[in-house]
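**Student:** whatever this is, show me its structure:
(chains A, B, C and D)
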Number of protein chains: 4
Amino acid sequence: MSHKVAVLGASGYTGAELVRLIATHPGMEIAALTGERKAGMRMAEVFPHLATLDLPVLSRIEEVDLNGIDLVFCALPHATSQAVIADLPRALRIVDLSADFRLRDPADYETWYGKPHAAPELQREAVYGLTEFYRDEIRAARLVAGTGCNAAAGQYAIRPLLEAGVIDPERIILDLKAGVSGAGRALKENLLHAELSEGTHPYAAGGTHRHLGEFDQEFSAIAGRPVRVQFTPHLSPMNRGILVTAYVEGDAQAVHAAISRRYDHETFLHVLPFGALPSTRHVRGSNFVHIGVVGDRMPGRAVVVVAIDNLTKGSSGQAIQNANLMLGERETEGLMLAPVFP
Amino acid sequence: MSHKVAVLGASGYTGAELVRLIATHPGMEIAALTGERKAGMRMAEVFPHLATLDLPVLSRIEEVDLNGIDLVFCALPHATSQAVIADLPRALRIVDLSADFRLRDPADYETWYGKPHAAPELQREAVYGLTEFYRDEIRAARLVAGTGCNAAAGQYAIRPLLEAGVIDPERIILDLKAGVSGAGRALKENLLHAELSEGTHPYAAGGTHRHLGEFDQEFSAIAGRPVRVQFTPHLSPMNRGILVTAYVEGDAQAVHAAISRRYDHETFLHVLPFGALPSTRHVRGSNFVHIGVVGDRMPGRAVVVVAIDNLTKGSSGQAIQNANLMLGERETEGLMLAPVFP
Amino acid sequence: MSHKVAVLGASGYTGAELVRLIATHPGMEIAALTGERKAGMRMAEVFPHLATLDLPVLSRIEEVDLNGIDLVFCALPHATSQAVIADLPRALRIVDLSADFRLRDPADYETWYGKPHAAPELQREAVYGLTEFYRDEIRAARLVAGTGCNAAAGQYAIRPLLEAGVIDPERIILDLKAGVSGAGRALKENLLHAELSEGTHPYAAGGTHRHLGEFDQEFSAIAGRPVRVQFTPHLSPMNRGILVTAYVEGDAQAVHAAISRRYDHETFLHVLPFGALPSTRHVRGSNFVHIGVVGDRMPGRAVVVVAIDNLTKGSSGQAIQNANLMLGERETEGLMLAPVFP
Amino acid sequence: MSHKVAVLGASGYTGAELVRLIATHPGMEIAALTGERKAGMRMAEVFPHLATLDLPVLSRIEEVDLNGIDLVFCALPHATSQAVIADLPRALRIVDLSADFRLRDPADYETWYGKPHAAPELQREAVYGLTEFYRDEIRAARLVAGTGCNAAAGQYAIRPLLEAGVIDPERIILDLKAGVSGAGRALKENLLHAELSEGTHPYAAGGTHRHLGEFDQEFSAIAGRPVRVQFTPHLSPMNRGILVTAYVEGDAQAVHAAISRRYDHETFLHVLPFGALPSTRHVRGSNFVHIGVVGDRMPGRAVVVVAIDNLTKGSSGQAIQNANLMLGERETEGLMLAPVFP
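**Tutor:** Numbers count the residues shown, from 1 in each chain, chains lettered A, B, ... in the order given. So this is what the prediction gives:
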């Protein structure tokens, strides 16, 4: 039997990616799609690539009949999400793709997002959605907070190393190269093709990127003491993909061993042989993660490289993986699509 | 029950695309993969994006145990294909993706490919693989010849118009913009990123492109007299996609009506409302075709625009669609993947 | 002695391209730059690639001291331009890059731009800026109207053929592939990198593109009777470049001969040997035009292909070429920069 | 009076870039071009973007008449260069763009290039071509060794900091994003458009990239003791450009001050205000370098970001800058071309 789901905020890239993935998911069926400014439009007008799917017309959130809906994906903008979710019936399962419920501590939220959280009780309730590390909690959760896409990529590199204690937590540098779809469909000058193609640049450098809040929260919890990492994201002239190059101090073979061991039984996390390095091209359009480890000529230093698709494993694929757990579906259902290359 | 298939020539892009699509096809299972120069290698080495699939090691063709295999996909180079297929057991069903069996007339083959056909009896037997127009023959066929990717795109624009008699067959111009993956994985200077990105150019202009042989054969058969079209392909700096802009003489509304009527019940062929125009982005990675028609300010002239993914509907998706028919599967099985955008 | 020039509207791509070219022009010096919404900003903030030039701060038009300025480049939006130019002192020479003065007939202007012209007397005075065809008039002009970039590319293909009478004026089709910078720096969803890269699509098809007004005006004047062409522009995923593929009816050798003869002494117009075809990559960043001609297998049909850089020869390079003539500089001064490849 | 120069190895990208730059250099004139495998061809055939220049036909090196030639640019492959240069007349000035003379110590050369140097006496004589740091030696030199393009970018970030003693030399990490033209015009599968576009990946990680030899030599010389850096290059889907993100330990303001002070009078080295960060787009096609510094939230850590065009400032522009010094031209002659954006 198929579960009925709604996608709130279906007119952005993560909304469209949810629809793309659900299109061939045997256990989910889209009962409602919303888009405030595009209410009344067909998805074919908003996203012509979805024109051949049989989809509900976009509506306003208040117009959605929630009866019979099993789960709601919330792909709304940050801050909007917390207000909308607070009004949803308690019986509904919710996977939120915004930043609103990623940080557990209200003070942290205010630090990184600049104002107090509007629904602190929900913030407490929400489970952090990095599936491979919160599987049991997610299975039992009513509200799951999808991770930041950059935050997901960085954590796949670092978590097993902190857990295994094989690196120095004081010296972690994450240099990240992100595709442009991570910035969304917003009309910003620096996202125009003419501005962005054929070049690369850093942004939000110097410890200012909001996904640092997630790194701080998660890494500190693992290490049992405050851990701060350096993190510099760069925009790369590609539509999809995140590559994290993580510089760590520790024995490279031990680093590789810790990662390999930790991900050994994970369907979506593919650890390459020692010395081999991944490419974002090879996970494009898929829920898979490729991870490589290489040692430096200087003993005691290692580089971990993680490649994900920001829209899939970094957000909408992760969301469906979590929804599968919440609905009692097989965790990988609908997500085994092979990467699209070239 | 799953059908066992083999992919001969799995180290090129169309081979990889077959593997990608079969990965989530519930009725097919890959029993063998071959690649002459890469025999002994794992697909993960040749195409790292397929590393998370459980696949046979690449072997040489003569090493493949054909017992129990239901169908063979032949993604070998032109000319090689005819020699290999001639040696395969008569009991095997075959979908060939090369150019070897597209032309029915041995003289035409020699004209366009520069030497006599090595297996003329197979050439006679082969069915032309443009599914929507040869469905019954394909269902009954032992050997199906996949169409040229450009030839497929052009025919989706023109065939219904010749069938309906709504255009002047003397005045058909096909201006085509093709993504680079259509040129394959060959090491050619003009396919390097630095040579090809950030620019566009025509090639094989002036009536010299081999896919003209297919246009001549098919269009003449429909019209009942020799039809010759003008055809200029251009290389566009994108990996996937073919856009055909077809200039025809006839009433634009009649052109739109003929196309709409003809494709009304076709799952993969999506005709846009009159005046709307397609984009290759919106079919990327999928088996869908988007088709638009617009009239000119000069009465009696119309433009038909067709967008396909050259690797999917243009070759490997088409191949699987045909294989589905040959194996008694549902025609759309494994092919309903939504396009990947952005 | 260096001529003082002002660039009105320096915050768009054609404005920036003017500044780039004037930077190494020995006979021009930038005395003023304007940008209404960015007044008070330095060019380094608006266009960081110009940060190493010593440039005036952006001001409002009314703040510019026009004393001592020899020539004004107007890179303002359409419609704004006619109002601004009407207020400039009669002693100033002006090269306008907008569409406002391209059409000589007020009725044509109203047809294509949807409202009456606000300065019809200036419209009459303006000289059409396709340098190689209006050289003497430009030299003597006070106000020169830069051509549309698409219009320039198409005319380089067709004008010599109409002049020489070697093609049928009833059957001219221009299929154009344009880089994205031609659409300017406007915040439009379809110009985002994620929307535009990795795909191609037509726009303004069916005889609706405004540059048709220029084709109609110019081609009819040459032929001595109304000439209408078919014209379909496509957006290609590249920043710079226009490729026109012109389908004409006439003897291909005669077509090549007419073009070769006409452009024989033109520094910027490079005609390739018969059968060779150009690429936009090979004129990138330069004022050069590459032109190729090929015959079809059907006698009496030819294809002419023209490649230009839309920002250089298609607008700002052309503007400087015209300004050189107006100021008594050598026509090629500052414009001999070799194309940038790769 | 114009100096006569020859370009040996003009059929690669750095050769073509030399020709592009010399085309508008008032003090240089190309007397000979060589290309072993393309001898007898015109440059227009090898590089159609240079078709409008009046250039000598490509010849073999032994066919070049060196009489009257003032300076030779050697853009030959590594290892070939040392053999060719050893045979050139002692009276000739030479700028070598290969790796052959970058390392001063024969043992270092053998370590990084895997075999003994064939011309160790020339190796001793050669001056390292990082203009801003070896200006006087270059002015007096007969043989100048162009730096590695990655090595140049990294040194612009780090040298002033080691000189000023404001960072910890034990903890320097250089994460580099390089455009594809740096890999040359070689026919390699991973350089194909379909393989490389729309994705990013690291290569030569783990302290194996040969440009580390240059970093070791130069940084150790400045620091007066062995300095080893970590260095991970990544291929970015763009044709031109190198972005180095350098992670250093030291006070960020002191880092910015040291860089600003050191480059204050350098025409080509543009230091951004503290906190501002550069983009490769803004130096494309030019000899300019943009440099930014930002502090981290963790005191005592800073990030320095350097953007250059690998073909211009990273190799051929640098070569001409050095040649200008050697020939007594103004150092900036022919190199003031503004960057090409978009």
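
**Student:** and the stretch 101-250 of chain A, which residues reach chain D?
**Tutor:** Residues of the stretch 101-250 of chain A found near chain D (Cβ under 8 Å from any Cβ of the partner chain) are A:173, A:175, A:177, A:194-195, A:197-203, A:205-208, A:212, A:228, A:230, A:232, A:234, A:236-241, A:243, A:245, A:247. C-betas here are computed from N, CA, C, even on glycine.

**Student:** in ChimeraX, select just the buried ones from the residues you listed.
**Tutor:** Remark: buried members of those, expressed as a ChimeraX selection using 16 or more other Cβ atoms under 10 Å in any protein chain shown:
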select /A:173,175,177,194,195,197,198,199,200,201,202,205,206,207,212,228,230,232,234,236,237,238,239,240,241,243,245,247
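
**Student:** also near chain B: which of the residues of the stretch 101-250 of chain A next to chain D, exactly?
**Tutor:** A:S197, A:E198, A:N239, A:R240.

**Student:** farthest-apart pair in those residues, please.
**Tutor:** Across those, no pair lies farther apart than A:E198 and A:R240, at 17.5 Å, counting by Cβ to Cβ.

**Student:** how about A:I291, what does it touch?
**Tutor:** Taking Cβ atoms under 8 Å, 6 or more residues apart in numbering or on different chains, we find A:I291 in contact with A:156-157, A:259, A:263, A:269-272, A:278, A:304-307.

**Student:** who wins on neighbours among those?
**Tutor:** Highest neighbour count within the contacts of A:I291, by other Cβ atoms under 10 Å in any protein chain shown: A:A307, with 32 neighbours.

**Student:** quick one, phi/psi of that residue?
**Tutor:** phi -120, psi 130 (degrees, to the nearest 10).

**Student:** quick check: bridge partners of it?
**Tutor:** A:L243, A:H290 (DSSP bridges).

**Student:** quick check: the residue in the stretch 151-300 of chain A that chain B sits nearest to vs A:R240, distance?
**Tutor:** Going by Cβ to the nearest Cβ, chain B is nearest to A:H282 of the stretch 151-300 of chain A, at 3.9 Å. Separation of A:H282 from A:R240 (Cβ to Cβ, to the nearest Å): 12 Å.

**Student:** for A:A276, same thing?
**Tutor:** To A:R240, A:A276 is 22 Å away according to Cβ to Cβ.

**Student:** before we move on, what about A:A107?
**Tutor:** Relative to A:R240, and taking Cβ to Cβ, A:A107 is found at 34 Å.

**Student:** could you do A:Y156 as well?
**Tutor:** For A:Y156, the distance to A:R240 equals 17 Å [Cβ to Cβ].

**Student:** that older thread, which one among the ones next to chain B among the residues of the stretch 101-250 of chain A next to chain D gets closest to B:G148?
**Tutor:** Within those, the smallest distance to B:G148 is 28.0 Å, found for A:N239 (Cβ to Cβ).

**Student:** does the closest one count as helix, strand or coil?
**Tutor:** coil (DSSP: H, G, I helix; E, B strand; the rest coil).

**Student:** wait, it sits on A:S181?
**Tutor:** Yes. With contacts counted by Cβ atoms under 8 Å, A:N239 reaches A:S181, the gap being 5.1 Å.

**Student:** pull up the overlap in contacts between those two.
**Tutor:** Contact with both A:N239 and A:S181 is made by residues B:P342, C:A194, according to Cβ under 8 Å, 6+ apart.

**Student:** will you turn the ones next to chain B among the residues of the stretch 101-250 of chain A next to chain D into a markdown table that also has distance to chain C and pLDDT?
**Tutor:** As requested, these are arranged in a markdown table below (distance: Cβ to the nearest Cβ, whole Å; pLDDT from 0 to 100):
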| residue | distance to chain C | pLDDT |
| --- | --- | --- |
| A:S197 | 6 | 96 |
| A:E198 | 7 | 96 |
| A:N239 | 5 | 97 |
| A:R240 | 9 | 98 |
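
**Student:** possible to save the residues you listed as JSON lines with distance to C:K313?
**Tutor:** Below are these laid out as JSON lines (distance: Cβ to Cβ, whole Å):
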{"residue": "A:S197", "distance to C:K313": "21"}
{"residue": "A:E198", "distance to C:K313": "20"}
{"residue": "A:N239", "distance to C:K313": "30"}
{"residue": "A:R240", "distance to C:K313": "35"}
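
**Student:** now do the contacts for the closest residue to A:G199 other than its chain neighbours.
**Tutor:** Nearest residue to A:G199 in three dimensions, chain neighbours excluded: D:R281, at 3.2 Å (Cβ to Cβ, 6 or more residues apart in numbering or on different chains). By Cβ under 8 Å, 6+ apart, D:R281 lies in contact with A:E195, A:E198, A:G199, A:H201, C:H49, D:G241, D:P339, D:F341, D:P342.

**Student:** would you confirm that the second one contacts D:M238?
**Tutor:** Yes. Using Cβ under 8 Å, A:E198 is in contact with D:M238, at 4.6 Å.

**Student:** who touches both of those two?
**Tutor:** With Cβ under 8 Å, 6+ apart, A:E198 and D:M238 have common neighbours A:P237.

**Student:** how near is A:L21 to C:H3?
**Tutor:** Counting by Cβ to Cβ, the separation of A:L21 from C:H3 is 61 Å.

**Student:** these two: which is more packed in?
**Tutor:** With neighbours defined as other Cβ under 10 Å, A:L21 and C:H3 compare such that A:L21 has more, 24 against 19.

**Student:** separation between that one and D:N150?
**Tutor:** 39 Å.

**Student:** ok, A:G184 next?
**Tutor:** Per Cβ to Cβ, A:G184 is found 33 Å from D:N150.

**Student:** what does A:Y128 show for phi and psi?
**Tutor:** phi -70, psi 130.

**Student:** who does it bridge with?
**Tutor:** A:A145.

**Student:** let me know how buried it is, in neighbour terms.
**Tutor:** Close neighbours of A:Y128, defined as other Cβ under 10 Å, add up to 24.

**Student:** what's near enough to touch it?
**Tutor:** A:R102, A:R104, A:Y134, A:E137, A:V144, A:A145, A:T147, A:E218.

**Student:** buried subset of those?
**Tutor:** Among the contacts of A:Y128, those classed as buried by neighbour count (16+ other Cβ under 10 Å) are A:R102, A:R104, A:Y134, A:V144, A:A145, A:T147, A:E218.

**Student:** strands - which of those residues land there?
**Tutor:** For those, the ones inside strands are A:V144, A:A145, with DSSP state E as the criterion.

**Student:** for A:L191, what are its contacts?
**Tutor:** Listed by Cβ under 8 Å, 6+ apart, the contact set of A:L191 reads A:V180, A:A183, C:L192, C:H193, C:A194.

**Student:** what about the helices in chain A?
**Tutor:** Per DSSP state H, chain A carries helices over the ranges A:13-23, A:43-46, A:80-86, A:106-113, A:120-125, A:131-140, A:149-164, A:193-196, A:211-223, A:252-263, A:317-327.

**Student:** which parts of the stretch 151-300 of chain A sit against chain C?
**Tutor:** Looking at chain C, the residues of the stretch 151-300 of chain A close enough under Cβ under 8 Å from any Cβ are A:180-181, A:185, A:187-189, A:191-198, A:237, A:239.

**Student:** again, only using 10 Å
**Tutor:** A:179-199, A:201, A:235, A:237-240 (Cβ under 10 Å from any Cβ of the partner chain).

**Student:** buried set for stretch A:128-142?
**Tutor:** Quick answer for stretch A:128-142 (16+ other Cβ under 10 Å): A:Y128, A:G129, A:L130, A:T131, A:E132, A:F133, A:Y134, A:I138, A:R139, A:A141, A:R142.
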